[in-house]
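Chemist: Just to be clear, the model below is a prediction. Sequence and coordinates:
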Amino acid sequence: VAAFGTPTRSVATTCAYCGVGCTFKAELSGDTLVRMVPDRNGKANRGHSCVKGRFAYGYAHHGDRILDPMIRESVDEPWRVVSWDEAIAFAADRMRGIQARYGQKSIGVITSSRCTNEETFLVQKLTRAVFGNNNTDTCARVCHSPTGYGLGQTFGTSAGTQDFDSVEHADVVVVIGANPTDGHPVFGSRLKKRLRAGAKLIVIDPRRIDLVRSAHVEAAHHLALRPGTNVAVVTAMAHVIVTEGLYDEAFIRERCDWDEFLHYAEFVSEPRHSPEANALLTGVPAEALRAAARLYATGGNGAIYYGLGVTEHSQGSTTVMGIANLAMLTGNIGRTGVGVNPLRGQNNVQGSCDMGSFPHELPGYRHVKNADVREIFEKAWGVTLDPEPGLRIPNMLDAAVHGTFKGLYCQGEDILQSDPDTRHVAAGLAAMECVIVHDLFLNETANYAHVFLPGSTFLEKDGTFTNAERRINRVREVMKPRAGYADWEVTQLLANAMGAGWDYAHPSEIMAEIAATTPSFAGVTYDLLDEKGSVQWPCNDAAPEGTPLMHVDSFVRGRGRFIVTEYVATDERTGPRFPLLLTTGRILSQYNVGAQTRRTANVVWHDEDRLEIHPHDAEVRGLKDGDWVKLASRAGETTLRARITDRVSPGVVYTTFHHPNTQANVITTDYSDWATNCPEYKVTAVQVGLSNGP
Ligand code: SF4
């Protein structure tokens, strides 16, 4: 503070990193941001924060920021700095020309779960009302799309059931495929506090995450499953609960479809689903699995928290439905201290999904085929909407390779680094005639772009984010957009250049349109958010102050639905050439591919991605700690240093993906979730060998 001056004013806003959604006071001296102070009034964080939210905002002023629009005729040419008017006109002309030559469905958009609700709402409106198709997708495709499908099918809506406060009343906490102390640190601290107070913990994860054993915390059970066998583990837990008569019959009779329960119970009771029958497959000792299932079913309030270790699999949606089955079986839904809670990776994954960023859903998770829903938006927007679902991200890239998809507006997402099978992404981008990158930095995707539109950071705009507990938090402008426009304004410029007549003067007007068209947001206004600090959707006449707990008296879909969860092995198999299974995760101080955290001056970030390998697997390969190793899969190879540790089991290796030189997605396959196409990032067969370095 001494170096920058004493703060003279503060602006309340929301962290733009993870789905916890911590509230901060951005303290300024004049127009200079001096520091970020966690806000005691923040309902998600109550005055706490992690290192990212507190210190990793310097990227807003990093020299790599591109502050002028740029265009080029072809990607072989150098960029040409132009005015906003020229860049927008160039982009609009190209997109219109592509549609004239190749048809209305030859262009589309990808938006980011780091953008505000208002921005993602406008982007899907641009696609539907201006482009005239449903080719809109979001980076949630590659993280929590199975949550949308799985919870929608079982409970009737795609959202976590609880508020974060609820964990303080849990007696048994099950953490599946998530690492809250690194990925969702403020929630992780609250969870640890509850565990120190006596709640029991079950961790289901291939790796011994910190929660398994750390200061004053020790998991009752750590089921170190073989990557890719989540469904078998969850179904085996259900087998124990059903065959040992531990299910809550009264709850199931009152709240769920009884016939579907009977069918499901018959399925899970088959001997082939017992822990003993699956011990070899899953790598989990049968007794440990039985004990974990009994504890969850009989230990009092049981709460499940899960992350990308559940969703980023070829059976991601199946596992989500299996988790929902467990909660319904045991009556652990609809009251404080229980529930099913996806821990959202990015700050606004929940919101971007809520806002209709998927090619089959309008805002509020309503299918585009539903004529009544389309009519609401057709009246509001004065257009006729396409009733056919559009293309998902992988389908856009496939169509580009096949010559039928030619133009992409990519907002806040570096798909070349973030999406699986890098070579396929590059081929798709290279085949397009207009790629518009709207971002803070010249990212890897921009190598294939014809238009670069400078983006704005969360400090430079007004709007809202929705966190993992459905809490709608205000984002407030701390500084003027450095490139002249906030992201929602850029989308409006492009829409108007393509013939729309939008005249939003402030994001509050966009929120008013969201509220008017989306029942779960009907009561949300900026005035209400200013008054309450935040609200959790649904917020409407039935719940004017929001909804901390969902499915209290009945499920959103009416009766809860048990769905049979048959385990199907991934097509990604180990073999003599690729005998190890690679899985991935994050560290506390870095964020995804590091575009922001690596551009913030702080020695904390000066780390590197390492490959964790078990001592036995290292020994047979002659590896020492710190050696450079080549990590190779059927898709590609990369080089990084080894960390020898028994955090991973024999046969399993693990790395993070925060540094571009690691190029973890050169390794990953193009297998994906059967229902949503969410990539199978968490299971890749690999070989590891000594290397001389990069
Ligand atoms: Fe930001 Fe998440 Fe850390 Fe909170 S826990 S400060 S939202 S990164």
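Modeler: On my side now, so go ahead.
Chemist: Local confidence estimate at residue 487?
Modeler: Confidence at residue 487, expressed as pLDDT, is 96.
Chemist: burial count for it?
Modeler: Counted with other C-beta atoms under 10 Å, the neighbours of residue 487 add up to 33. Just so you know, the C-beta spots here come from the backbone N, C-alpha and C atoms, and that holds for glycine as well.
Chemist: Just the pLDDT at the residue nearest to it when sequence neighbours are not counted, thanks.
Modeler: Nearest non-adjacent residue to residue 487, counting by C-beta to C-beta, 6 or more residues apart in numbering: residue 119, 4.9 Å away. In the predicted model, residue 119 carries a pLDDT score of 96.
Chemist: check contacts around residue 119.
Modeler: Under the criterion of C-beta atoms under 8 Å, 6 or more residues apart in numbering, the neighbours of residue 119 are 111, 411, 461, 463, 487-488, 491.
Chemist: which residues in the stretch 301-450 of the chain form helices?
Modeler: 308-311, 316-329, 349-354, 371-381, 393-401, 415-418, 422-430 (DSSP state H, counting those that start in this stretch).
Chemist: Of those, give the one that comes closest to the ligand.
Modeler: Within these, the stretch nearest the ligand is helix 349-354; the backing value is 12.1 Å (C-beta to the nearest ligand atom).
Chemist: Extract the C-alpha set from stretch 358-371 and format it as CSV.
Modeler: Output in CSV follows, covering the C-alpha atoms of stretch 358-371 (Å, rounded to 0.1, in the frame of the first residue of the first chain):
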residue,chain,number,x,y,z
PHE,A,358,-25.6,-24.4,-25.1
PRO,A,359,-26.7,-25.1,-28.7
HIS,A,360,-29.8,-27.0,-27.6
GLU,A,361,-31.0,-24.7,-24.8
LEU,A,362,-32.4,-21.2,-24.5
PRO,A,363,-31.8,-19.4,-21.2
GLY,A,364,-33.2,-21.2,-18.2
TYR,A,365,-32.4,-24.7,-19.6
ARG,A,366,-35.3,-24.8,-22.0
HIS,A,367,-35.0,-26.7,-25.2
VAL,A,368,-34.9,-24.9,-28.5
LYS,A,369,-37.5,-27.3,-29.8
ASN,A,370,-40.1,-26.1,-27.3
ALA,A,371,-42.3,-23.8,-29.4
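Chemist: on that earlier part again, how close does the residue nearest to residue 487 sit to residue 527?
Modeler: Distance of residue 119 to residue 527, given as C-beta to C-beta, to the nearest Å: 21 Å.
Chemist: buried set for stretch 245-262?
Modeler: 247-248, 251-252, 255-257, 260-261 (16 or more other C-beta atoms under 10 Å).
Chemist: pLDDT, secondary structure and distance to residue 640 for those - can I get that in TSV?
Modeler: Output for the buried residues of stretch 245-262, formatted as TSV (pLDDT from 0 to 100; DSSP: H, G, I helix; E, B strand; the rest coil; distance: C-beta to C-beta, whole Å):
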residue	pLDDT	secondary structure	distance to residue 640
247	98	coil	46
248	98	coil	47
251	97	helix	48
252	98	helix	48
255	96	helix	49
256	97	strand	47
257	96	coil	49
260	96	helix	47
261	97	helix	48
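Chemist: can you pull the contacts of the residue of the stretch 1-150 of the chain found nearest the ligand?
Modeler: Closest to the ligand within the stretch 1-150 of the chain is residue 53: 2.4 Å, counting by C-beta to the nearest ligand atom. The contact partners of residue 53, by C-beta under 8 Å, 6+ apart, come to 15, 17, 22, 24, 36, 38.
Chemist: Lowest-scoring secondary structure element of the protein by mean pLDDT?
Modeler: helix 664-667 (a mean of 76; mean pLDDT, DSSP states H and E).
Chemist: What are the buried residues along the next helix-or-strand element following that one?
Modeler: Downstream of helix 664-667, the next assigned helix or strand under DSSP states H and E is strand 684-690. For strand 684-690, the neighbour count (16+ other C-beta under 10 Å) marks 684-688 as buried.
Chemist: and if you look at stretch 299-311?
Modeler: For stretch 299-311, the neighbour count (16+ other C-beta under 10 Å) marks 299, 301-311 as buried.
Chemist: OK, contacts around residue 455?
Modeler: Residue 455 makes contacts with 411-412, 438-440, 483, 487, 490, as judged by C-beta under 8 Å, 6+ apart.
Chemist: will you turn these into a markdown table that also has distance to residue 598?
Modeler: A markdown table is the format used below for the contacts of residue 455 (distance: C-beta to C-beta, whole Å):
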| residue | distance to residue 598 |
| --- | --- |
| 411 | 21 |
| 412 | 17 |
| 438 | 20 |
| 439 | 15 |
| 440 | 12 |
| 483 | 21 |
| 487 | 21 |
| 490 | 24 |
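Chemist: Lovely, talk soon.
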